[in-house]
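Undergrad: Here is a sequence together with a model predicted from it:
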Amino acid sequence: MELEKYNIHMGKIMKSETVTFYVNHEERLSESDADIVSIINQKEMATVDNVELRNNQVILSGSIAYGLLYYTNDSDKANGIEGEIPFEEAIKISGIDDSCSISAKIVVSSATVKLIDQRSFIYKIQLTAYLNGECMEDIQAAVHAERDNMMTRYGQMDSLAIVADKTDTFRISEQIIIPYNKQPIGKIVWKDVRIKNINTKMLEGVIHISGELQVFIMYIPEEESAPQQWIDTTLNFGGTLEISEAREDLISYITTNLYNITIDAEMDQDNEMRELRINALLKLNIKIYEEKQIDILEDVYAPDANLIPVMEEKTFERLLVKNASRTKNNIKINVDQSKGHILQICNSMAEVKIENITVSDNGLKAVGKIRVCVMYISSDDTHPVCCQWKEEEFEHRIDAEGISEKDKYYIDWQVEQVNANMLSTDEIEVKAAIVLEIIVFKEEKREFISRIDEEEIDMEKVNAAPVIKGYVVQPGDTLWKLAKENYTTIENIMAMNELQSEHIKKGDRLLIMKSCM
């Protein structure tokens, strides 16, 4: 018998692992760089360039962009250098094969810089990789069958099909004009560009992207006698990315990562270095799902034949919840008084490091650390540019009603807002808003009809059954069950008993007449 089947193309998370590894790198300053006397601040940002699954190993390669802000032995102004450290790591992973795909989020967990001498240093960086192994699977669900005099029963199923799983890039190009109350740029010594308040929305054939760039640069002015200068500002950006699979009625889970950031100083019409051109790439990991309720064929019978549905149990996933949760954190920092009192805050930033995620009380609990940094100008004229870090424990629960230990999920987190205020000349309060976004899939099992075998009806058994009988409804009875057992149809039972609906209850009295003679 021909079966019409509906194909559900699913992406199933087979494995989730968090792995930590180290990268060591030795670097020597170029001839044009000034000697390092003391390091003021450092920054690191890891980017994944390629993820390959081979022989039960994940080959993870990428680079770490770093920057050092430091004092030299011949100036009261801070100087800076930038560089890039490549890495490649082989991570053993079990439970998936080469047909699966791996997604990876990588963050810098910790980093230390040790000076060998004033011209060279050693970087030791701890990286944490959050890996998800996903395999594609197709489930064939029977939705229709054709045969004369055949009765069919349907049940509803919430299906979740993956429509797109891809990465793409969105180019950001913005400009900053240095105001005339500040000196023109001589040399940029420190730059820090971070993304916040990112928002993505699917429309027909495109994804609309909007957000903010938090831009901080510190520079040495053209006029060497002028004090060190800085710019701390927020830029809005936006645009669209063409994605053919995008539709407003679909469900998206999109994570972003900013990389390849460049800031170049350019001359304005007065031949002064007052224009800053900022270019960056926003990498988007895009997953698009279609949630649909379908009627699947659950059972068949015919009064004139023995129809045998052959069932096959399959595991599938349905969407449980997609949720974004925000939390605010207040951290107080007491500055090192040996470096002088705070005169002015230049910039503040925060980073979140998630160390453990557990299912807890109808939700996911994320535990880790939040690390904040404040750059400020101190009362010490010899070394006015200072930086203070502080790290505190971080814990936040994200609602996910109905989640269980065996369910699978994706989770992403971003720092959304950071503000720092002076409480006194020695104390700063940093307020950081963190957003955590999850999408959770509930794993379920269900039997599907794979085929229907047809055999000749056992006429001796049919003839032995009474033509008509009275019946008292028992718990668990349905008209479908009674019709199938008594060689008749639901319609015949309803007509004979003048029923207005298929609803029956325990104790109801029915007349049932056989329709196969």
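TA: Yep, that arrived.

Undergrad: Ser120 is in contact with Arg28, correct?
TA: Yes: counting by C-beta atoms under 8 Å, Arg28 does reach Ser120; the two are 4.3 Å apart. Every residue, glycine included, has its C-beta placed from N, CA and C.

Undergrad: Return the set of residues that bridge with the nearest residue to Asp98 once chain neighbours are set aside.
TA: Counting by C-beta to C-beta, 6 or more residues apart in numbering, Leu53 is the residue found nearest to Asp98 once chain neighbours are left out, at 5.7 Å. Residues in a beta bridge with Leu53, per DSSP bridges, are Val58.

Undergrad: Go ahead and confirm Leu53 touches Gly95.
TA: No: look at Leu53 against Gly95 with C-beta under 8 Å: they stay out of range, at 11.7 Å.

Undergrad: Neighbour count: those two, which is higher?
TA: Using other C-beta atoms under 10 Å, the more surrounded residue of Leu53 and Gly95 is Leu53, with 18 against 10.

Undergrad: Can you give me the distance of that one to Asp165?
TA: Counting by C-beta to C-beta, to the nearest Å, the gap between Leu53 and Asp165 amounts to 15 Å.

Undergrad: And for Pro475?
TA: For Pro475, the distance to Asp165 - C-beta to C-beta - is 47 Å.

Undergrad: who's more crowded, those two?
TA: Using other C-beta under 10 Å as the criterion, Pro475 and Asp165 rank with Asp165 on top: 17 against 7.

Undergrad: give me every residue that touches that one.
TA: Gly11, Ser101, Glu134, Ile286, Lys287, Ile288 (C-beta atoms under 8 Å, 6 or more residues apart in numbering).

Undergrad: Might you specify the subset of those located within strands?
TA: Using DSSP state E to define strands, the subset of these located there is Gly11, Ser101, Glu134, Ile286, Lys287, Ile288.

Undergrad: Dig out what the closest residue to the second one other than its chain neighbours forms beta bridges with.
TA: Leaving aside its chain neighbours, Ser101 sits nearest to Glu134 (5.5 Å; criterion: C-beta to C-beta, 6+ apart). On DSSP bridges, the residues paired with Glu134 through beta bridges are Ile13, Ser101.

Undergrad: cool, the one 4 residues further on as well?
TA: For Asp138, the beta-bridge assignment (DSSP bridges) gives partners His9.

Undergrad: And for the one 4 residues further on?
TA: On the basis of DSSP bridges, Ala142 takes part in beta bridges with Lys5.

Undergrad: That one contacts Arg446, correct?
TA: No: assessed by C-beta under 8 Å, Ala142 is found out of contact with Arg446, at 12.0 Å.

Undergrad: quick one: which of these two has more around it?
TA: Ala142 (20 against 16).

Undergrad: give the contact list for the more buried one.
TA: Leu3, Glu4, Lys5, Ile296, Leu297, Phe448, Ile449, Ser450.

Undergrad: swap the cut-off to 7 Å and go again
TA: Leu3, Lys5, Ile296, Leu297, Phe448, Ile449 (C-beta atoms under 7 Å, 6 or more residues apart in numbering).

Undergrad: Ile288 versus the residue lying closest to the third one once chain neighbours are set aside, what's the distance?
TA: Put plainly, it is Ile296. Of all residues not flanking Ile296 in the chain, Ala141 sits nearest, at 4.6 Å (C-beta to C-beta, 6+ apart). Distance, Ala141 to Ile288, using C-beta to C-beta: 21 Å.

Undergrad: what sits up against stretch 81-99?
TA: By C-beta under 7 Å, 6+ apart, stretch 81-99 touches 14-15, 17, 19, 21, 23, 25, 27, 29, 33, 53-54, 56-68, 123, 129, 131, 133, 135.

Undergrad: Repeat that for stretch 331-341.
TA: Residues contacting stretch 331-341 (C-beta under 7 Å, 6+ apart): 342, 372, 374, 378-380, 383, 386, 388, 390, 392, 425-430.

Undergrad: what about burial for the contacts of stretch 81-99, which qualify?
TA: 14-15, 17, 19, 21, 23, 25, 27, 29, 53, 58, 60, 62-68, 123, 129, 131, 133 (16 or more other C-beta atoms under 10 Å).

Undergrad: Could you list which of those belong to strands?
TA: Going by DSSP E, the strands hold 14-15, 17, 19, 21, 23, 25, 27, 53, 58, 60, 62-68, 123, 129, 131, 133 from the buried ones among the contacts of stretch 81-99.

Undergrad: can you give me the end-to-end distance of stretch 22-35?
TA: 27 Å (C-alpha to C-alpha, to the nearest Å).

Undergrad: for stretch 469-479, that is, sorry about that
TA: Terminal-residue distance, stretch 469-479 (C-alpha to C-alpha): 15 Å.

Undergrad: So what's the gap between that stretch and the chain middle?
TA: Relative to the centre of its chain, stretch 469-479 is centred 51 Å away, using C-alpha atoms, centre = their mean, to the nearest Å.

Undergrad: low pLDDT regions in the chain?
TA: Low-confidence segments of the chain (pLDDT under 70): 516-517.

Undergrad: Helices along that one, start to end?
TA: 459-464, 479-485, 490-496 (DSSP state H).

Undergrad: closest one to Thr315 among those?
TA: helix 479-485 (26.3 Å; C-beta to C-beta).

Undergrad: chain center to the closest one, what's the gap?
TA: Per C-alpha atoms, centre = their mean, the centroid offset for helix 479-485 relative to its chain is 48 Å.
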